[in-house]
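> Got a sequence here, can you model it:
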Amino acid sequence: DARRWYERYGISVNVNVSAMQLRRPDFVATVLQALADAELPGRALVLEITETALLATGQQEIEQVIAYLHELREHGVRIAIDDFGTGYSSLAYLQHLPVDVVKIDGAFTAYESGSDTASRQRNALTRAIIGLCESMDLPAVAEKVETSEQEEFLRDMRCPLGQGYLFSKPVPASALDSLLDGESGRSGQVAGLLAG
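Numbering: from 1, shown residues only. Coordinates of the predicted model:
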């Protein structure tokens with residue numbers, strides 16, 4: 001399925017990686033073998049890693065993880081930090097890890113109208129995260145976009161991409177082709193494009 005989607009639509013598949021997988025000595029070989037088995041180039045894969053999966057017990061362990069990610073990037077695989085903003089060291093990870101995409105946690109993308117302090121602070125943090133990503137030339141993806149008000153808010157913030165129920169609820173692989181082949185503009189909706 002992934003090969004067909006990549007060849008026909010240029011779509012890459014995002015795969016979540018657990019902390020246990022990330023620390024296995026055969027992690028890089030396993031990922032590269034899966035790509036070879038599927039006859040996919042590295043560019044067709046984005047590995048999503050949460051900040052908690054990156055927490056290491058020591059410097060040597062985190063250096064090994066960084067080496068794995070660099071090696072995979074040499075093969076075209078892209079790396080996304082998932083749920084960005086929820087951990088205590090997100091900024092440090094952006095500075096030190098080979099990152100290609102930042103997925104902003106839904107806690108920051110939930111637009112709240114109103115002038116109360118909590119709403120203003122959340123909106124300010126969202127603006128700051130998107131601005132940080134923009135200044136580092138990292139595409140930002142807003143997670144959990146569920147309403148047109150959220151979409152408008154994120155467009156105004158110049159967030160280029162989003163994912164969530166507003167664009168599509170999860171569908172089985174067998175139904176994705178019909179969504180992508182649907183009427184004009186529908187594939188952009190499924191991909192969750194906010195910009196443009």
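> contacts and neighbour counts: CA atoms only from here.
OK.
> Distance from whichever strand or helix holds Leu72 to the middle of the chain?
Applying DSSP states H and E as the criterion places Leu72 in helix 59-74. Remark: helix 59-74 is offset 19 Å from the chain centroid, using Cα atoms, centre = their mean, to the nearest Å.
> and the next element down the chain from the longest helix seen in the chain?
Identified as the longest helix of the chain according to DSSP state H is helix 117-135. Once helix 117-135 ends, the next helix or strand along the chain (criterion: DSSP H and E) is strand 140-142.
> Go through the helix holding Leu72 and flag the buried ones.
With burial defined by 16 or more other Cα atoms under 10 Å, the residues of helix 59-74 counted as buried are 62, 65-66, 68-70, 72-73.
> who's in contact with it?
Under the contact criterion Cα atoms under 8 Å, 6 or more residues apart in numbering, helix 59-74 has outside partners 22-23, 27-28, 32, 42, 54-56, 78-79, 97-98.
> per-residue confidence averaged over the helix or strand that that helix is followed by?
With elements assigned by DSSP H and E, the helix or strand that comes after helix 59-74 is strand 78-84. Throughout strand 78-84, pLDDT has a mean value of 91.
> Which residues does strand 78-84 contact?
For strand 78-84, contacts defined as Cα under 8 Å, 6+ apart pick out 42-43, 45-51, 69, 72-73, 90, 98-106, 143.
> hmm, back to that, now intersect the contacts of helix 59-74 with the helices, please.
Residues of the contacts of helix 59-74 located in helices (DSSP H): 22, 27-28, 32, 54.
> And those, which two are furthest apart?
Farthest-apart pair in the ones in helices among the contacts of helix 59-74 is Leu32 and Leu54; separation 20.4 Å (Cα to Cα).
> Can you report how many residues lie near Pro41?
Pro41 has 16 neighbouring residues, counting by other Cα atoms under 10 Å.
> Who's the closest spatial neighbour of it, skipping the chain neighbours?
Leu35 (6.6 Å; Cα to Cα, 6 or more residues apart in numbering).
> could you flag which of the contacts of strand 78-84 are buried?
Neighbour-count burial (16+ other Cα under 10 Å) is assigned, among those, to 42-43, 45-51, 69, 72-73, 90, 98-106, 143.
> Take those and keep only those in strands.
45-50, 101-104 (DSSP state E).
> pLDDT for these - can I get that in a markdown table?
Shown next, in a markdown table, are those (pLDDT from 0 to 100):
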| residue | pLDDT |
| --- | --- |
| Leu45 | 97 |
| Val46 | 96 |
| Leu47 | 96 |
| Glu48 | 95 |
| Ile49 | 91 |
| Thr50 | 85 |
| Val101 | 94 |
| Val102 | 93 |
| Lys103 | 93 |
| Ile104 | 92 |
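> how about the residues you listed, which pair is most distant?
Spatial extent of these (Cα to Cα) is set by the pair Leu45 and Ile104 at 19.2 Å.
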